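**Student:** just the structure for this:
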Amino acid sequence: MIKENLEKIRTTLPSGVTLVAVSKTKPVSDVQEAYDAGQRVFGENHALEMRDKHEALPKDIQWHFIGHLQTNKIKYIIPYVTLIHSIDSANLLEAVNKEAKKHDRVVDCLLQFHIAQEETKFGLDLDEARQLLDSEAFKQLENVRICGVMGMATFTDDMTQVRREFQHLHALFDTLKSEYFADQPSFKEISMGMSDDYPIAVEEGATLVRVGSKIFGARNYQVNGEH
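**Tutor:** Purely as a prediction, here's the structure:
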């Protein structure tokens, strides 16, 4: 069913929107099946699981880290990660930069914003993002590149609220673009939307949608990054 699910989702996505197949908790065989169906971008939220899958699967896969990243786990993903969606502090960004420097890489990152009503979600607010981007420490970072924003909407059936939260994230993107990244074409990503709400996210300007259960089927447990 994975191939059929992927084809169904792709028909709903306009050009310019990248599907991140959220493969966390799923076996390598499922990822391989999605790969064989043409999917190349996968999202994981545990560094060690991502490392093990990277070692076992084709090397042209683009791995996106979408979960809460602990600084002591950064080293497991930096050699190959394509995009880190979940930068939620200056300390984390500095730690990613330090590790990326060891590998002579510039790692693309998104700033994660707290847009949901739920307290359990991680993320910055606009003032915290401005403090980070205005800081002298940030200006010294040569091995990370901020490419956009990420957010998770409230886990609710109220799609009006979800839409409002996605609109808020898009507004944050626009503010940062005009204030800090106006001359940087690489600042272009808005990562929002998951299995239950990605069509609304696309309507509100998402460039990356993180879809798991709609591709791979239901999961056994709930973890940060994709409902």
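**Student:** scan the chain for its longest helix.
**Tutor:** Under DSSP state H, the helix in the chain containing the largest number of residues is helix 159-180.
**Student:** other SSEs contacting that one?
**Tutor:** strand 107-113, helix 126-134, strand 144-151, strand 189-191, helix 198-203 (3 or more C-beta pairs under 8 Å, 6 or more residues apart in numbering; DSSP states H and E). To be clear about C-beta, it is placed using only N, CA and C from the backbone, and glycine gets the same treatment.
**Student:** show the average pLDDT along that helix.
**Tutor:** Averaged across helix 159-180, pLDDT comes to 98.
**Student:** show residues contacting it.
**Tutor:** By C-beta atoms under 8 Å, 6 or more residues apart in numbering, the surrounding residues in contact with helix 159-180 are 111, 113, 115-117, 126, 129-130, 133, 148-149, 151, 153-154, 156, 187, 190, 192-193, 197, 200-201, 203-206.
**Student:** only whichever of those residues are buried, select them in PyMOL.
**Tutor:** The PyMOL selection below is limited to those of the contacts of helix 159-180 classed as buried (16 or more other C-beta atoms under 10 Å):
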select buried, resi 111+113+115+116+129+133+148+149+151+153+187+190+192+193+197+200+201+204+205+206
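**Student:** and the gap between residue 80 and residue 183?
**Tutor:** Here the distance between residue 80 and residue 183 works out to 29 Å (C-beta to C-beta, to the nearest Å).
**Student:** ok so residue 19 is a strand residue?
**Tutor:** Yes: secondary structure of residue 19, determined by DSSP: H, G, I helix; E, B strand; the rest coil: located in a strand.
**Student:** tell me, what's the model's pLDDT at it?
**Tutor:** On the pLDDT scale, residue 19 gets 98.
**Student:** give the contact list for it.
**Tutor:** Contacts of residue 19 by C-beta under 8 Å, 6+ apart are 6, 9, 10, 13, 39, 41, 209, 211.
**Student:** how about residue 3?
**Tutor:** 33, 34, 36, 37.
**Student:** make JSON lines out of those residues and add distance to residue 160 and neighbour count.
**Tutor:** JSON lines is the format used below for the contacts of residue 3 (distance: C-beta to C-beta, whole Å; neighbours: other C-beta atoms under 10 Å):
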{"residue": "33", "distance to residue 160": "36", "neighbour count": "18"}
{"residue": "34", "distance to residue 160": "32", "neighbour count": "22"}
{"residue": "36", "distance to residue 160": "39", "neighbour count": "11"}
{"residue": "37", "distance to residue 160": "34", "neighbour count": "16"}
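**Student:** perfect, I'm done here.
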